[in-house]
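>>> okay, here's the prediction I keep looking at, along with the sequence it came from:
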Amino acid sequence: LSLLAGTTFAAPTFYGEIDLSLDHVQADNKNGVEDRHITDLNSNNSFLGLKGDEKLTDRLSALYQAEFTFYSDEGSNSSNDVFVPRNILIGLKDEKLGALKVGKIDTPVKQLSAVVDTFNNYVANNADVNGIMAGENRIDNVLVYETPAFNVGEGKVEAKLQLATGEGNDTIKSTKGGYTVAGRGLGDSWSSSVVYSDKTFVAGLGYDKAIPSRLLSRGFLNSDYDANDTVNDGQAVEEARNILAETDTVRAIGRINLDNGLSLRALYQVSEIANANVSAAAQVETVENIDDAQAWLIGAEYNLPNAKNWTVKGQYSQNTVAFNDATPDFEAKQILAGVDYAFSKQVKVYGTAGYLTIEQGSDEDKQLLVGTGFEYKF
């Protein structure tokens, strides 16, 4: 596309983000497992991308996007790939009818969390809602329709619908940078959202139907096992953390931006197992016994009026997975606080502190986080 930019195509936009942090997690683990103090250099979902559009008629444009997560540290990526696909798509956009896209794309439900999650992508993408909640998914082989923005009062309303095809696969699978669904038809699994926004307020509602999603996530780190132990406790805990199942999720979000620099955010969601179609046969019994998962988040950011470079922020999130049998609830509670110093709109440094507890019956893990990072957007 770059070679053709001077002839047929308009020049693409090259963009990205580099975010590295030094994070220390002190873990106080359940009985019988050694406590661990770990300091990691984390590549926090850093990415590179190309995107653009080409005017075809007065109303119609062709559009494209190719985006890749990259890892500049050792250990953040279990597959050891330097580049992993993110959103990769091509499509058409009509100014009056909306846009149609195909490819590997974040679900509309996942896109809602970015509006309210003030610690998005921190600590290798584990200190945000992705670390403890379902619903944070990118799906392969999808068709997406996005409506044009409709004016409503002082704001606008936009809607999205994503239809996925399993291409004949009998099971869901984890792929590089995403998941595939099961089934033969287009729309056996789907995701949708509706969002209202104006200068002060943003509200959104989303729904996933049979979308592969992680259950029983364990937060900052799998602190109660050795990641290299594939024989004993390490393997069992890793499998539990990465249980995938077809999940129905309803997610609601809201954000208020006040004139004094204060932003208030909230999220609530309920997830239920749509089908005990999991990524590993050994996980079927666990998934079949899950009743539901209820999660919520409240947070705030405050840009200091007399020191515009400084922003302080805090967030509390919680997720509870309930079971139909005698299995105790699996409960994750996470509180985070931080401060940012912005040199410009593109460059900032930040500090983070957090405390996470994972409880299930008499077992309890406690994780204390302290970290500092550098972010550059371009």
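Received the coordinates, thanks.
>>> how about low-confidence regions in the stretch 1-150 of the chain?
1-9, 29-35, 73-80 (pLDDT under 70).
>>> got the residue ranges for the helices in it?
If DSSP state H, counting those that start in this stretch is used as the criterion, the helices of the stretch 1-150 of the chain fall at 108-113, 122-125.
>>> how close does the spatially most central residue of the chain get to Gly371?
In the chain, the C-alpha closest to the average C-alpha coordinate belongs to Glu136, at a distance of 4.0 Å (Cα atoms, centre = their mean). Using Cβ to Cβ, to the nearest Å, we find Glu136 at a distance of 20 Å from Gly371. C-beta coordinates here come from the backbone N, C-alpha and C atoms, glycine included.
>>> before we move on, back to that, check the gap between the residue lying closest to the residue nearest to the centre of the chain once chain neighbours are set aside and Ala332 for me.
For Glu136, ignoring the flanking residues on the chain, the nearest one in space by Cβ to Cβ, 6 or more residues apart in numbering is Asn130 at 4.1 Å. Asn130 sits 12 Å away from Ala332, going by Cβ to Cβ.
>>> so the residue nearest to the centre of the chain makes contact with Asn120?
No: look at Glu136 against Asn120 with Cβ atoms under 8 Å: they stay out of range, at 10.0 Å.
>>> now do the shared contacts for those two.
Ser113 (Cβ atoms under 8 Å, 6 or more residues apart in numbering).
>>> contacts only, for Gly153.
Asp198.
>>> for Tyr196, see how far away it is.
In terms of Cβ to Cβ, Gly153 sits 9 Å off from Tyr196.
>>> please apply the same query to Leu262.
Leu262 is 20 Å from Tyr196, by Cβ to Cβ.
>>> of the two, who's got more company?
Higher neighbour count among Leu262 and Tyr196: Tyr196, with 17 against 13, using other Cβ atoms under 10 Å.
>>> number of nearby residues for Lys96?
Applying other Cβ under 10 Å, we find 7 residues neighbouring Lys96.
>>> now for it: which residues touch it?
Lys96 neighbours (Cβ under 8 Å, 6+ apart): Arg59, Pro148.
>>> so how far is Gln65 from it?
22 Å.
>>> thought Cys339 was touching Ala307?
One thing to correct before we go on: residue 339 is Val, not Cys. No: look at Val339 against Ala307 with Cβ under 8 Å: they stay out of range, at 11.0 Å.
>>> okay, the two: which has more neighbours?
Val339 (15 against 9).
>>> list the beta-bridge partners for Lys51.
Beta-bridge partners for Lys51, by DSSP bridges, are Thr13, Gln65.
>>> contacts only, for it.
Neighbours of Lys51 in contact, by Cβ under 8 Å, 6+ apart: Pro12, Thr13, Tyr15, Leu63, Tyr64, Gln65, Ala66, Glu67.
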